[in-house]
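> Predicted model follows, preceded by the sequence.
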Amino acid sequence: MNQPASNNLIVRFISPFETFFEGEANSISAVDQNGPFDVLPGHSNFIGILVNGDVKILSKDGSKSIGISRGIIHVTNNMVEVFANV
């Protein structure tokens, strides 16, 4: 994945058989065992386990909500990878 051109996140959101979103985003909202959280540009690096619910991506093209049964999120240096339904 490439570094973001602006103060955005670079997001790759995939499942074993589908790519849900790939591109720049302003924020991502999801839910883990501790509850809902947001990822914004400059967020600390982390890996988390997502639970059943919606992952919301806000980009310049609008908002997209994707339902997942579970997943993994990896955030590092404004790059976000979400592996859904694994």
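Thanks, I have the structure now. All of these numbers come straight from a predicted model, not from anything done at the bench.

> So which residues of this protein form strands?
9-15, 18-25, 27-32, 35-39, 46-50, 53-59, 62-68, 71-76, 79-84 (DSSP state E).

> buried sites along the third one?
Of the residues in strand 27-32, 27-31 count as buried by neighbour count, 16 or more other CB atoms under 10 Å. Glycine gets a C-beta too; all of them are placed from N, C-alpha and C.

> farthest-separated two in these?
Farthest-apart pair in the buried residues of strand 27-32 is 27 and 31; separation 14.4 Å (CB to CB).

> Mean pLDDT for the strands of the chain - can I get that in CSV?
Shown next, in CSV, are the strands of the chain (pLDDT from 0 to 100):
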stretch, mean pLDDT
strand 9-15, 97
strand 18-25, 96
strand 27-32, 97
strand 35-39, 97
strand 46-50, 96
strand 53-59, 97
strand 62-68, 96
strand 71-76, 98
strand 79-84, 98
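
> what about residue 70, neighbour count?
13 (other CB atoms under 10 Å).

> before we move on, what about residue 58?
16.

> Skip the chain neighbours and tell me the closest residue to residue 59.
The shortest distance from residue 59 to any non-neighbouring residue, by CB to CB, 6 or more residues apart in numbering, is to residue 25 (4.4 Å).

> Can you tell me how far that neighbour is from residue 41?
9 Å (CB to CB, to the nearest Å).

> And these two? Which one has more around it.
Neighbour count, other CB under 10 Å: between residue 25 and residue 41, residue 25 has more, with 24 against 14.
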